[in-house]
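> okay, sequence plus prediction incoming.
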Amino acid sequence: MSRFLWIAFLVVLMSCASTKNYSPSKKYPSSVLQKDYVLLKNVLEAKHPSLYWYTPKDSMDMYFQKYYSMIQDSMTEQQFAWQVLSPLVDKIHCGHTSVMMSKSYGVWASGKRLPSFPLYLKVWNDTMAVTGSLIRNDSIFARGTILHSINGLTTAQITQKMFSYLPQDGYANTLNFIRISGNFPYFHRNIMGLSSVYQVEYTDVYGQKKKTELQMFRPQTDSAKKDSAAKKIVKKEKVKKKENPKSYYRSFTIDSSGYAVLTLNSFTKGNLRSFYRRTFRVLKNKNIHHLVLDIRTNSGGRVGLSTLLSKYISQTPFKVADTLFAKSRTVAPYTKHFEGKYLNDIQLFFISKKSKDGLYHANHLERKYYKPKTKNHFGGNTYVIISGPTFSAASLFCNSVKGQKNVMLIGEETGGGWYGNNGIMIPEFVLPNTKVRVSFPLFRLVQFNHVPQKGTGIPPDVYVGTDLHAIVNGYDKKMKVVKEMILRKLSEEKNRSLHQAVIID
């Protein structure tokens, strides 16, 4: 065996050993936590392109001091990440700068069910509705039951506190409503803490306001059979994903009524270049004039694939960005703490160049205009469904087509910033002692033909928000609205065609 293989083998063994011995209850001395904290502060100040974009430097300095002063005693990794780092990073108002637990914690937590608040909730505006329950034989909290408060805190108070721990572009919290709705027990446990008993106020099925006590959900201690069953489920899911791995990322269907639905959940995977070619060729050959483009769960990915989609749909030339720069052409002297290490410096060297303002611009993407495709370009009506998770490269696409007469954005405000965001290169920064990770964007991007900086996401042309009736009955309100719009137009087109035929006859 070569020396390289021996080294790789030893690294794997050491990694497995460290993960096996991992304990989430381990506490780090305050001096160790302070070293990690100061290192993160220093790299943010030196390399983050938009540290003071929404929070002035004097305010950010105050926050740095505030959360440093909270490290008075030893803490677990979870306490350090959630109670110190997460609220600090939130103050940057950058959706691409977020705190993640160590990889060892992720391995330890995988497949485990931890104590938590016992209800899953869909949260929007000032409303919380039950979508699932961990209570055995629950006869009270049917799907759609409205909760008014938990432990005396109203919906508005709960979301206000949770949002101060979760990252977002500017002030576009639509994404965070979706986040906490996706796993309310998880976020409530980590942010609000655990209670053995929860005081809950709700409205029952008869419209009466009531109060009750809920016991904290405690997983069964004897989990041998459960773990075995869980492994079988995971194994089955992996096999199923292998059978058709691309369908998770994208899909395309044509309805018999005469419209098509294109779903893109990512701009990273799914062999999108060839998929685009086939899809838009079919649209042209079958003479489809109405396309539903569903990107409401598309969190972004490769800018080139977002740009390519814009070329198929946009009616006018466009750019990726008006401004695109990094603060430095290297991540040194913090290179060893970044995922990818020297590869980041190599990439920064090739895509950026120092400009007169002292910043390192990606001049090619700032200057280049992309023309709409001539072959298989779609010139029909496009209905783009958006929501909070429409982020990053997906928001670049929305900005490039918004306002065109044949394109309509439908749904909710995007989580991706309308004025701009940070990204392009987003390596993880790993704190050396706790191994807590922070996703770290290296470029600031200001959108093409950007609007004033107000911290919003891209608004829809037709707003379709969360609907309680849809939650209770389990249907997709946004898609339902879009299909009804298309069917009305198809009916109008058919009537016009029949009328013209009568006149000709």
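Nice, thanks for sending it over. On a predicted model such as this, the values are computed, not experimentally measured, just so you know.
> can you give me the helices for the stretch 251-400 of the chain?
272-285, 303-313, 342-351, 363-367, 393-401 (DSSP state H, counting those that start in this stretch).
> redo those as a markdown table? Include mean pLDDT.
Below are the helices of the stretch 251-400 of the chain laid out as a markdown table (pLDDT from 0 to 100):
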| stretch | mean pLDDT |
| --- | --- |
| helix 272-285 | 96 |
| helix 303-313 | 97 |
| helix 342-351 | 94 |
| helix 363-367 | 93 |
| helix 393-401 | 97 |
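> mind putting those into CSV with distance to residue 203?
C-beta here means a position set from N, CA and C on the backbone, and glycine is covered the same way. Shown next, in CSV, are the helices of the stretch 251-400 of the chain (distance: least, CB to CB, whole Å):
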stretch, distance to residue 203
helix 272-285, 45
helix 303-313, 43
helix 342-351, 52
helix 363-367, 52
helix 393-401, 36
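> what number of residues lie near residue 490?
16 (other CB atoms under 10 Å).
> restricting to C-alpha, output the helix or strand encompassing residue 147 in CSV.
Here residue 147 sits within strand 146-150, counting by DSSP states H and E. Provided in CSV are the C-alpha atoms of strand 146-150 (Å, rounded to 0.1, in the frame of the first residue of the first chain):
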residue,chain,number,x,y,z
ILE,A,146,-55.1,27.0,15.7
LEU,A,147,-52.7,27.6,18.6
HIS,A,148,-52.7,31.1,20.2
SER,A,149,-49.9,30.8,22.7
ILE,A,150,-47.3,28.5,24.2
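> that one: what's the following helix or strand?
strand 153-154.
> which neighbours does that following strand have in its sheet, and in what orientation?
strand 146-150 (antiparallel) (DSSP bridges).
> residue ranges with poor pLDDT in the protein?
Along the chain, segments meeting pLDDT under 70 span 1-19, 221-246, 497-505.
> max-length helix in it?
helix 477-504 (DSSP state H).
> what about the nearest residue to residue 64 once chain neighbours are set aside, distance to residue 214?
Nearest non-adjacent residue to residue 64, counting by CB to CB, 6 or more residues apart in numbering: residue 41, 5.4 Å away. Counting by CB to CB, to the nearest Å, the gap from residue 41 to residue 214 is 40 Å.
> those two: who's more crowded?
Neighbours were counted for residue 41 and for residue 214 using other CB under 10 Å; residue 214 has more, 20 against 17.
> off-centre distance for the strand or helix carrying that one?
Of the helices and strands defined by DSSP H and E, residue 214 is found in strand 209-215. Strand 209-215 sits 33 Å away from the centroid of its parent chain (CA atoms, centre = their mean, to the nearest Å).
> buried residues of it, list them for me.
Of all the residues in strand 209-215, those buried under the rule 16 or more other CB atoms under 10 Å are residue 214.
> what's the angle from it to strand 146-150?
60 degrees (axes from the mean of the first three to the mean of the last three CA atoms, to 10 degrees).
> quick one: list the elements packing against strand 209-215.
On a contact count with 3 or more CB pairs under 8 Å, 6 or more residues apart in numbering; DSSP states H and E, strand 209-215 meets strand 197-203.
> so which elements touch the strand it packs on?
Strand 197-203 packs on strand 146-150, strand 209-215, going by 3+ CB pairs under 8 Å, 6+ apart.
> how about residues contacting the longest one?
What that stands for is strand 209-215. Residues from elsewhere that reach strand 209-215 (CB atoms under 8 Å, 6 or more residues apart in numbering): 117-119, 135, 140, 148, 196-204.
> hmm, try it at 6 Å
118, 197, 198, 200, 201, 203, 204 (CB atoms under 6 Å, 6 or more residues apart in numbering).
> now swap in the shortest one and tell me
Defining contact as CB under 6 Å, 6+ apart, one finds that strand 146-150 is touched by 128, 129, 198, 200, 201, 202, 203.
> bridging residues for the fifth one?
Read it as residue 201. Those that pair with residue 201 in a beta bridge, by DSSP bridges, are residue 149, residue 211.
> likewise residue 124?
Applying DSSP bridges, one finds that residue 124 bridges with residue 127.
> pretty sure it contacts residue 177?
Yes: Residue 124 lies in contact with residue 177 (CB atoms under 6 Å); the separation is 5.4 Å.
> stretch 157-177: end-to-end distance?
Using CA to CA, to the nearest Å, one end of stretch 157-177 lies 13 Å from the other.
> picking up where we left off before, for the contacts of strand 209-215, which two are the farthest from each other?
197 and 203 (20.7 Å; CB to CB).
> neighbour count for those two, which is higher?
residue 203 (13 against 10).
> does residue 186 belong to a helix or a strand, and which?
Secondary structure (DSSP H and E) places residue 186 in helix 184-187.
> CA atoms only for that helix, dumped as PDB, please.
Provided in PDB are the C-alpha atoms of helix 184-187 (Å, rounded to 0.1, in the frame of the first residue of the first chain):
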ATOM      1  CA  PHE A 184     -41.200  23.500  14.700                       C
ATOM      2  CA  PRO A 185     -40.200  21.100  17.600                       C
ATOM      3  CA  TYR A 186     -36.500  21.300  16.500                       C
ATOM      4  CA  PHE A 187     -36.400  25.100  16.500                       C
END
